[in-house]
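In: Below is the structure, and that's it, no one-letter string:
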């Protein structure tokens, strides 16, 4: 979503940081480019103008222009102001789901993804916070809307209110409230009906439901691809119904991301979550600091760790680390690493979250080093026998032909995979000797029991730098030797 904005800003700041000494005119010129980048990303003019004004007042003082690293100082100021724009004055913290059963009202226009987001939120509360959740659809207008929520509930293992034909939205809401109280639920989420546009019928219905259940949270679901219109919708709903937060959907799409930057400043309401796909686990809490880091190409180590913790067991990671420290890294280990990367969102997602490697993700993709290549590599490894996976050095010409044919690929591609394996084995051995693997493991598991917010970011950043230094070509901004071209379309 923020890809184009991130590219534009990183280009501006790269020129700034290369310059050394800066004059006030240099900073003003750079900020003019930042302003254009914000407007092109669909940030509203008043928000962009106010943002640049705040940055300029802080970035043109003698403390910056006379600083040892003036370019980096400007980048830090932009990062801090970006975070302030996204965060607003008050941090809303976690959802207010005290005094069970706590009602959560989901509102928004038709087609914004309300029903799917309801299921995503229910799954998040159930799995991550251990809450007992009940979902209820109040949408009596859209065909099969209630059935859709019931199907999603079955998929994620969350209860839904039984459907009673002919009931009105307020009646369903009251029945959900009674069911949640009698059934011992912690939270009940009400998925209201939407319209193609804001009208009196929609607002009257939502207001009646609100008055009937007195929700702890009223979350507005808006499509992030609608740009500035999403901000207008938020202002309308807040004025007529009153909302406590916003959920932006389709943030994995190719929209320009300006709505997210304008939303808090214009409406004063926090963005609580962002939807990043159609699957029911594709919902992330909106963290202004981490989003600011992503926009400015600083990576997002905490998000990377969260994904790793979700897909990797601590015992398995410990066993692998001990093997790597001894220099033991066979094809089974490589396959585990490749599968792990796919589970964590793929090559571009992982590289984008590592500090300083956002640009390399594009370079890797253009060189054919992408998720398709990872799957081809896994296919080659699966085509080997157990003995060959454990001892890849025994692979001779006849074995290579058989393996390549079994995977439906060519021998040169297998040779590239073997070369990559040797490079990674050497890298793991060096990093093991330097103690970087142990530091990274401490970071991944967290200092205090594996909580993502307690991640040792310094250790993980050091590991990221180590990977770049150890793998040939990466330190200088290129791809590791032997990796480019595999999976490239012929």
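Out: Structure received. From a predicted model like this one, the values you see are computed outputs, not experimental measurements.

In: Could you use CA atoms for every contact and neighbour count after this?
Out: OK.

In: Pull the contacting residues for residue 139.
Out: 145, 146, 169, 191, 192, 193, 194 (CA atoms under 8 Å, 6 or more residues apart in numbering).

In: Look up the closest residue to the first one, ignoring the ones flanking it.
Out: When the adjacent residues along the chain are set aside, residue 145 lies closest to residue 139, with 6.2 Å between them (CA to CA, 6 or more residues apart in numbering).

In: The third one too?
Out: Counting by CA to CA, 6+ apart, residue 138 is the residue found nearest to residue 169 once chain neighbours are left out, at 4.9 Å.

In: same deal with residue 217?
Out: Nearest one to residue 217, counting by CA to CA, 6+ apart, is residue 104 at 4.9 Å.

In: and what of residue 331?
Out: residue 389 (4.8 Å).

In: Can you tell me the element the one you found falls in?
Out: For residue 389, the host element (DSSP states H and E) is helix 386-390.

In: Can you report how many residues lie near the residue nearest to residue 169?
Out: By other CA atoms under 10 Å, 25 other residues sit near residue 138.

In: How about the one 5 residues further on?
Out: Residue 143 is flanked by 9 other residues according to other CA under 10 Å.

In: Please settle this for me: is the residue nearest to residue 217 part of a strand?
Out: Yes: counting by DSSP: H, G, I helix; E, B strand; the rest coil, residue 104 falls inside a strand.

In: partners of residue 284 in the sheet?
Out: Taking DSSP bridges as the rule, residue 284 bridges to residue 274.

In: Tell me how far it lies from residue 216.
Out: 20 Å (CA to CA, to the nearest Å).

In: Which residue of the two possesses the greater neighbour count?
Out: residue 216 (19 against 16).

In: Surely the more buried one is in contact with residue 94?
Out: No: here residue 216 lies out of contact with residue 94, judged by CA atoms under 8 Å, at a distance of 11.7 Å.

In: Can you classify the residue nearest to residue 145 as helix, strand or coil?
Out: Here residue 139 takes the coil state, with states given by three-state DSSP.

In: how much space is there between it and residue 164?
Out: Residue 139 is 12 Å from residue 164, where distance means CA to CA.

In: and the residue nearest to residue 146 when sequence neighbours are not counted, what is it in contact with?
Out: Once flanking residues are discounted, residue 146 sits nearest to residue 137: 5.3 Å by CA to CA, 6+ apart. Applying CA under 8 Å, 6+ apart to residue 137 gives the contacts 145, 146, 149, 161, 172, 190, 191, 192.

In: Point out the least confident one among those residues.
Out: On pLDDT alone, residue 145 ranks lowest of these, at 88.

In: Show the contacting residues for it.
Out: 115, 137, 139.

In: Show me which of those residues is closest to residue 402.
Out: Nearest to residue 402 among the contacts of residue 145: residue 115, at 49.5 Å, using CA to CA.

In: So the residue nearest to residue 145 versus residue 161, what's the distance?
Out: 13 Å.

In: And the contacts of the helix holding residue 389?
Out: 330, 331, 332, 381, 394, 395.

In: Nearest residue to the first one in space, ignoring adjacent ones along the chain?
Out: What sits nearest to residue 330 in space, not counting adjacent residues and going by CA to CA, 6+ apart, is residue 390, at 5.5 Å.

In: again, but for the fifth one
Out: Closest residue to residue 394 in three dimensions, ignoring its sequence neighbours and counting by CA to CA, 6+ apart: residue 388, at 6.8 Å.

In: okay, now that neighbour: neighbour count?
Out: 18.

In: Repeat that for residue 220.
Out: Using other CA under 10 Å, the number of residues around residue 220 comes to 26.

In: close enough to count as contact, it and residue 108?
Out: Yes: if you go by CA under 8 Å, residue 220 and residue 108 touch, sitting 5.4 Å apart.

In: list residues touching both of the two?
Out: Counting by CA under 8 Å, 6+ apart, the residues touching both residue 220 and residue 108 are residue 237.

In: Look up phi and psi at the nearest residue to residue 380 once chain neighbours are set aside.
Out: Nearest residue to residue 380 in three dimensions, chain neighbours excluded: residue 407, at 5.3 Å (CA to CA, 6+ apart). Backbone dihedrals for residue 407, given as degrees, to the nearest 10, come out at phi -90, psi 0.

In: and the gap between residue 407 and residue 374?
Out: From residue 407 across to residue 374, the span is 13 Å (CA to CA).

In: Longest helix in the protein, by number of residues?
Out: helix 411-433 (DSSP state H).

In: Give me the packing partners of it, helices and strands only.
Out: When contacts are defined as 3 or more CA pairs under 8 Å, 6 or more residues apart in numbering; DSSP states H and E, helix 411-433 packs onto helix 314-325, helix 371-382, helix 397-407, helix 436-445, helix 457-470.

In: Give me the helix or strand of this protein that scores worst on average pLDDT.
Out: The helix or strand of the chain with the lowest confidence, counting by mean pLDDT, DSSP states H and E, is helix 457-470 at a mean of 45.

In: Residues in contact with the strand or helix carrying residue 265: which ones?
Out: Per DSSP H and E: residue 265 is located in helix 258-267. Residues from elsewhere that reach helix 258-267 (CA under 8 Å, 6+ apart): 38-39, 41-44, 47, 85-88, 224, 226-228, 230-231, 234-235, 238, 248, 269-271.

In: make it 7 Å
Out: 41-44, 47, 85-86, 88, 224, 227-228, 230-231, 234-235, 270 (CA atoms under 7 Å, 6 or more residues apart in numbering).
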